[in-house]
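Enquirer: here is a sequence with its predicted model. Questions after.
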Amino acid sequence: MEMADVTIHIHEAIDHERSTQIADTLRTHKGVMAVAHHDKTSHLMIIEYDPDTVTSRELLQVALDQGVHAQLIGL
């Protein structure tokens with residue numbers, strides 16, 4: 001299994017509870033292995049996932065479906 005990661009930038013300022021809700025929703029998505037988020041940078045989430053199962057755009061849509069404005073950040 002090949003793994004990839006993507007960073008999602010959330011435009012709004014969100015608190016710990018909201019950040020955790022979004023991260024938990026992402027974690028339940030098929031193909032997602034881990035989601036990292038921290039209070040000091042709650043607007044950033046790093047998602048580790050299986051690109052054979054889910055795409056980064058699908059993960060972005062999961063975040064957008066949570067009612068925030070967000071974008072993918074590539075390196």
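Expert: It's in.
Enquirer: distance check, Ile47 against Lys30.
Expert: Per CB to CB, to the nearest Å, Ile47 is found 13 Å from Lys30. Just so you know, the C-beta spots here come from the backbone N, C-alpha and C atoms, and that holds for glycine as well.
Enquirer: do you know the pLDDT at Gly74?
Expert: pLDDT for Gly74: 74.
Enquirer: check Lys40 too.
Expert: Lys40 is given a pLDDT of 87.
Enquirer: can you give me the strands in the protein?
Expert: Along the chain, counting by DSSP state E, strands occupy 4-10, 32-36, 44-49, 70-73.
Enquirer: who's more crowded, Ile47 and Lys30?
Expert: Legend: neighbour count by other CB atoms under 10 Å for Ile47 and Lys30, higher for Ile47 (27 against 9).
Enquirer: ok, that one to Ala70 distance?
Expert: Taken as CB to CB, the span from Ile47 to Ala70 is 12 Å.
Enquirer: between the two, which contacts overlap?
Expert: Ile8 (CB atoms under 8 Å, 6 or more residues apart in numbering).
Enquirer: ok now the longest helix anywhere in the chain, how far from the chain's centre?
Expert: For the chain, the helix with the greatest residue count under DSSP state H is helix 16-27. Mean-position distance between helix 16-27 and its chain equals 9 Å (CA atoms, centre = their mean, to the nearest Å).
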